[in-house]
Every structure is written in structure tokens, then in C-alpha cells.
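In: give the three-dimensional model of this entry:
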Amino acid sequence: MAIHWELTTLPNGLRIVTTPMPATQAVSVNLFVGVGSRSEPQRINGITHFLEHMVFKGTERRPDATMIAEEIEGAGGTLNAYTNKEFTCYWNIVPFDRFETALDVAADMLLNSKLEQSEIDRERTVVQQELKRNHDNPGAWAGRLIGQAVYGEQPCGWDVGGSVELVEAMHRPDFVEHIEAWYRPGNIVLSVAGNVAHETVLAAAEPFFLNLEHGALPSMSPYDPSITGPRVVTDSRDIDQCTLYIGSPIFGRDDPDRFALRIMNDVLGAGMSSRLFREVRERRGLAYSVSSGYGYLADAGVFTISAGVNREKLGETISVCIEEAQELCDELVPEEELRKAKDHNIGRFRLSLETAFSLGQRHGELLITKGEIETVESVVEQVEAVTAEEVLAVARRLLDRGKMHCAAVGPKLDEDEIAKALG
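Out: As a prediction, the model looks like this:
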């Protein structure tokens, strides 16, 4: 059954998309703003994420964080937010009969945050603790290190949260200036999915958003592929296991090869029947967890192979992972394996779109990043059309051993050993 949505663009450029789901008891309200860490000057790297925290701290109508949370949680709902390199999302989920409350709270937070200096100073410590927690988590930290290694010293490679030192230096005028620059109606998408009609959403949303003033957005630094970080980056710690990431630069989210990449990734490292899982874990017993994946930006991306391994197996695991990647560059994927990869990919894609939250997220993210919503049928058709020759071509395009980086967090790491295994 096709998924239907309705889209209205207000005169000031703010887009409102609704995805009706009459059979659900829920409504998901998602506000996307097209600003992330790659849009920040280095002096205030991390301010988009810090601002995401501050939006929850109180408005004139709801003076503190508890009042904001109680309105949603008191209805049985959930609210939260996240920031990445290119956009921010504020979301909540409530029973369908509390939609107007959910939208009221979300709009009030986004548009009327008080940003009191005393609250900034209090929340500063919380943000710094979050950064320290991420550093203390070997898996999370290795994931950040591989991004920095592939992208290098440019906005794409900076940490979404900034650093403890940069966060310490941020004050109210920085937040106000950031909002005025980026929180423009043409840079905002309201995505609502669930048991609510498009006309109901429009009628409720227009009083909040119709009078926002349109304005030009600042420019964003383009990705420079000539800038990279170190080929090998390590963080030695007195822990039991190594977390390993191998990463390569890839294309942006609109590249024609993106569907071939989906299948290549599925064959290599998506799930327990993938080549990496079978070879690294099942046949050789080198690692408990091993997988591959990728993340896109508008004009760039990173493909990764990750694993958790014992220290003495680190070099061998790197070599085996690269051998499996190289095989994709040397030989066509057999027809039966290609068929299984397509079925797995399409099935996971369909199952990821079962809830009001997942559809509200998908449609809002596509509008804020691509400016249009790809239908499920279109995606499935393009995945089905991928050939073994296209998988071979995209593997050769992306899995260049000379462009691979490696990041590892674990005990007594040796960069020369890792570089040798990387080849």
C-alpha cells in the first residue's frame, strides 16, 4: 500500500508536510531546521548542539524545562531532539487527541526560547558532561575519530558537539546571532505524521509560523576532498577490547550511484548473512561484532567497516575486512547473493516505515536535506534495478585501499602495525 502525504509551503517559505495514518493512536510532531555543525564558524563549533539543549529550558509561557516536559509527558508522550552535521530536529510523540498541545509546545520551544544566561551557564556543564561521556565510550569515540580522519580539518570533520573548551566560551549573544542567521522559515520543515488531517495541522500551525520573516541564509563551506586527516589515528586505553573503524570518503546523498551503494553495503556488512559477518565472526572467530555502513552529507560522505576485537586479533581483522572489500572490487556479486541483498535491503526499508515517528522523521528529513520526498515505490524500483555490474563499479569507485583510513580505540595500540595491515 502506498504511503501518501500532503505538502503545503507557507508564503514565507516554511514547509508543512503531513502523513495521515488514520489507524494509529499516535501523532508525531517533528520540526527540522537546516543547520548543523558544518555551518558553524570554528570559534563556536558545537553551538547548534548546545542550542538544541537550550530550547528545552523555558519560554515566557513555559518558564522552565519541567513545565515543557510535563505538558508532553503528562499526556503520555515523549519529546527529545538531536543535532547532526547538517540539520537539527525537535520532535515529540503524543496520543492523537493531544496533537494541538504537542504542536503548541514544539513551536513555543523553537520560536520563544528565553536563552537566559543563567540557564546557559547551568546547561554548559551538562553539555560538557555529554561530550566527556562520548569520549569515554570507546565505540562512540572511535566513530568520531574516523570521521575526523576521513574529512580532516574542515567543518565536515569537526565534532557535532564541539569541545569542552569551545562550549565553555559560548554566551547568550552567540546563540541569538545563530538563531537569527539560521532559524528562518525557508530553512524550517514541520513534519507531522499520524492520526490527524492536513487541514487540521495547517489551521493549528499557521498562527505560530505564518508571520516569521523570511531572510537569506549564510553560506555553508563546501567539502574539500583534498583535505584529509591522518591515515591512522589511535587512542590507547587500558581496556579489554579494541574498537576498530576503517573508513573511506564517498559521494553526497544525491549521487546516482547511491542505490548501488545500498546493495554493495548489504552484501558486505549489513546483517548476519553478510560477507563480513560470515568471514570475520563465523569462520574465523575474530570479532563479536562486525558490520559496514555509510553516512551522507549534501556533497560528501563516509563509508565505514567497524568491529570490536581483541587486541591480538586487530591486525588480522583489518586485513580480512579489507580482503572482503577488495573482493567486491574484483568480482561480480553472484546473482543469488544479489537477489538476497535486494530482498534484505527492501524488506528492512519497508519495515523501517511502520510508525508515525518513522514517517514523520523520513519525510521531514528528506525535505530539509533534498527538497523533495522520494516515494517508497520509487526507492524500491531503483534498488530492484541495481545490477551486479553497478555494484562492482561502485565498489571500485569507493573502496580504494589508498584512500582508506583507520581509527582504533583500545589497549597498547601501534600505528605502524595498523598502517601495515591497512596496506
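In: what's next to stretch 375-393, contact-wise?
Out: By C-beta atoms under 8 Å, 6 or more residues apart in numbering, the list of residues contacting stretch 375-393 from outside reads 2-3, 257, 259-260, 262-264, 267, 328-329, 331-335, 338, 342, 345-346, 349-350, 353. The way it works is simple: take the backbone N, C-alpha and C, and place the C-beta from them, glycine included.
In: may I see the buried residues of it?
Out: 376, 379, 383, 386, 388, 390, 391, 392 (16 or more other C-beta atoms under 10 Å).
In: going by distance to residue 217, which of those wins?
Out: For these, the minimum distance to residue 217 (C-beta to C-beta) is 28.6 Å, reached by residue 379.
In: so which helix or strand takes in that closest one?
Out: According to DSSP states H and E, residue 379 maps onto helix 376-384.
In: where does the stretch 301-423 of the chain have low pLDDT?
Out: Applying pLDDT under 70 to the predicted model, the stretch 301-423 of the chain contains no residue that meets it.
In: ok, which stretches of it are helices?
Out: 314-330, 335-351, 356-370, 376-384, 388-398, 415-422 (DSSP state H, counting those that start in this stretch).
In: buried stuff in the first one?
Out: Looking back up the chat, that one is helix 314-330. So, applying 16+ other C-beta under 10 Å, buried residues of helix 314-330: 314, 315, 317, 318, 320, 321, 322, 324, 325, 327, 328, 329.
In: can you redo the residues you listed as TSV with distance to residue 192?
Out: Shown next, in TSV, are the buried residues of helix 314-330 (distance: C-beta to C-beta, whole Å):
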residue	distance to residue 192
314	47
315	51
317	45
318	46
320	47
321	42
322	45
324	43
325	41
327	46
328	41
329	44
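In: for residue 225, which of the helices of the stretch 301-423 of the chain is the nearest?
Out: Among those, helix 388-398 comes nearest to residue 225, with 12.7 Å by C-beta to C-beta.
In: strands of this structure, start to end?
Out: 6-9, 15-20, 26-33, 78-83, 88-95, 188-194, 232-236, 241-250, 287-296, 301-310, 405-410 (DSSP state E).
In: still on that earlier bit, quick one: the helix holding residue 379 to helix 335-351, angle?
Out: 160 degrees (axes from the mean of the first three to the mean of the last three C-alpha atoms, to 10 degrees).
In: circling back to that earlier point, so which of the helices of the stretch 301-423 of the chain is nearest residue 129?
Out: Residue 129 lies closest, by C-beta to C-beta, to one member of the helices of the stretch 301-423 of the chain: helix 356-370, at 26.7 Å.
In: quick one: the closest one to strand 26-33, angle?
Out: Using the same axes, to 10 degrees: helix 356-370 against strand 26-33 is 20 degrees.
In: grab the CA positions of helix 356-370 and hand them over as CSV.
Out: Output of helix 356-370 as CSV, limited to C-alpha atoms (Å, rounded to 0.1, in the frame of the first residue of the first chain):
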residue,chain,number,x,y,z
ALA,A,356,4.1,7.7,12.9
PHE,A,357,7.5,8.7,14.3
SER,A,358,9.5,6.9,11.5
LEU,A,359,7.3,8.5,8.7
GLY,A,360,7.4,12.0,10.3
GLN,A,361,11.2,11.7,10.5
ARG,A,362,11.6,10.4,7.0
HIS,A,363,9.5,13.0,5.2
GLY,A,364,10.9,15.9,7.3
GLU,A,365,14.5,14.8,6.8
LEU,A,366,14.1,14.4,3.0
LEU,A,367,12.5,17.8,2.6
ILE,A,368,15.2,19.6,4.7
THR,A,369,18.1,17.8,3.0
LYS,A,370,16.9,17.1,-0.6
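In: the inter-axis angle of it versus strand 78-83?
Out: Using the same axes, to 10 degrees, helix 356-370 lies at 20 degrees relative to strand 78-83.
In: mind listing what's buried along helix 356-370?
Out: Buried, per 16+ other C-beta under 10 Å, within helix 356-370: 356-357, 359-369.
In: and which of those residues is nearest to residue 7?
Out: Of these, the one sitting nearest to residue 7 (C-beta to C-beta) turns out to be residue 367, at 7.7 Å.
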